[in-house]
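> Next comes the sequence, and after it the predicted model I'd like to discuss.
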Amino acid sequence: MYGKRGVQNLAQGSVGPLRLDQFGKLIVNSSLEAAAIEGRLFGVANAAAVATTAALAGTWTGLCVSNPTGSGKNMILHEFGFSQTVALSADGAVGILSCTIAAPAAIVTPQNQKLGGVASSMYADDGATIVAGVIQRVFGGGGTLAVTGYSQGPAFVYNANGSIVVPPGYTIASYTTKATTASYIFHFVWEEVEI
């Protein structure tokens with residue numbers, strides 16, 4: 001085993017020396033850092049607050065990311081977040097759901113987390129007709145208190161750490177137990193990996 005200083009441009013699957021910094025210390029990148037450096041990490045967020053539909057309603061609204069059937073990639077979810085921007089029309093829980101969408105549309109543009117990197121193979125949308133919705137995680141909530149109220153918390157971030165894989169033909173989406181007025185901003189961060 002030996003180390004080498006500097007960036008190493010190795011082909012995928014090749015073997016090379018360990019990477020060292022200018023002081024001879026071993027450099028170990030996190031998987032997210034490596035995915036960002038290699039241009040495989042993407043993110044998307046609503047540009048403005050969106051209204052949401054109740055539970056698993058077929059005419060769903062919020063923020064979703066769909067993996068098209070022919071993408072040839074798995075979408076590995078790393079992060080989901082939300083922020084309540086105004087008082088909600090109803091109290092309720094927030095989470096994520098999985099489903100299929102007959103005709104995914106690219107209404108919201110995902111961004112490569114390596115600025116200037118390649119475009120995402122995924123489609124992001126803020127409204128669709130979902131099929132066979134399944135709640136995957138529920139981990140937060142929102143309420144009717146104004147955002148200036150004492151109990152309003154900061155933006156919530158759920159670190160999935162790659163624990164959900166969205167294969168081609170499937171979608172991951174925001175979930176709220178109650179329908180709300182335009183009050184949430186959502187975001188997703190994911191990695192795209194060849195199948």
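Yep, that arrived.
> Helices along the chain, start to end?
31-37 (DSSP state H).
> Using the record's assignment, carve it into domains.
Domains of the chain are assigned by automatic domain parsing as 1-38, 41-194.
> hey, least reliable of these by pLDDT?
Note on the domains of the chain: lowest mean pLDDT is at domain 1-38, with a mean of 77.
> buried sites along that one?
Within domain 1-38, the residues that count as buried by 16 or more other C-beta atoms under 10 Å are Arg19, Leu32, Ala35, Ala36. C-beta: built from backbone N, CA, C; applies to glycine.
> hmm, back to that, hey, which of the domains of the chain is tucked in deepest?
Ranked by mean neighbour count, those are led by domain 41-194 with a mean of 18 (mean count of other C-beta atoms under 10 Å).
> For that one, measure first residue to last.
One end of domain 41-194 to the other measures 13 Å (C-alpha to C-alpha, to the nearest Å).
> Ok, stretch 156-174 next?
End-to-end distance for stretch 156-174, by C-alpha to C-alpha: 13 Å.
> Quick check: beta-bridge partners of the residue lying closest to Leu20 once chain neighbours are set aside?
Excluding the flanking residues, the one nearest Leu20 by C-beta to C-beta, 6 or more residues apart in numbering is Gly3, at 4.1 Å. Counting by DSSP bridges, Gly3 forms beta bridges with Leu18.
> Show the contacting residues for Gly3.
Counting by C-beta atoms under 8 Å, 6 or more residues apart in numbering, Gly3 makes contact with Pro17, Leu18, Arg19, Leu20, Gly24, Leu26.
> Save those residues as JSON lines, and put in distance to Thr69 too.
Conversion of the contacts of Gly3 to JSON lines gives the following (distance: C-beta to C-beta, whole Å):
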{"residue": "Pro17", "distance to Thr69": "40"}
{"residue": "Leu18", "distance to Thr69": "40"}
{"residue": "Arg19", "distance to Thr69": "38"}
{"residue": "Leu20", "distance to Thr69": "44"}
{"residue": "Gly24", "distance to Thr69": "49"}
{"residue": "Leu26", "distance to Thr69": "42"}
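> Pick out the most distant pair among these.
Comparing every pair within the contacts of Gly3 by C-beta to C-beta identifies Pro17 and Gly24 as the most remote, at 12.5 Å.
> Which positions are bridged to Cys99 in the beta structure?
Thr171.
> Tell me how far the residue nearest to Leu20 lies from Gln12.
21 Å (C-beta to C-beta, to the nearest Å).
> Check Leu32 too.
18 Å.
> Could you pick out the longest strand of this protein?
Secondary structure of the chain read by DSSP state E shows that its longest strand is strand 123-142.
> Alpha carbons of stretch 121-131, as PDB, please.
Extracted C-alpha coordinates of stretch 121-131, given in PDB (Å, rounded to 0.1, in the frame of the first residue of the first chain):
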ATOM      1  CA  SER A 121     -31.600  12.100 -15.900                       C
ATOM      2  CA  MET A 122     -34.500  12.600 -13.400                       C
ATOM      3  CA  TYR A 123     -37.600  14.700 -13.800                       C
ATOM      4  CA  ALA A 124     -38.900  17.000 -11.000                       C
ATOM      5  CA  ASP A 125     -42.500  18.200 -10.800                       C
ATOM      6  CA  ASP A 126     -44.800  20.100  -8.500                       C
ATOM      7  CA  GLY A 127     -48.000  18.400  -9.500                       C
ATOM      8  CA  ALA A 128     -49.000  15.000 -11.000                       C
ATOM      9  CA  THR A 129     -51.400  12.100 -11.000                       C
ATOM     10  CA  ILE A 130     -49.800   9.500  -8.700                       C
ATOM     11  CA  VAL A 131     -50.500   5.800  -8.800                       C
END
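> Brilliant, that's me finished.
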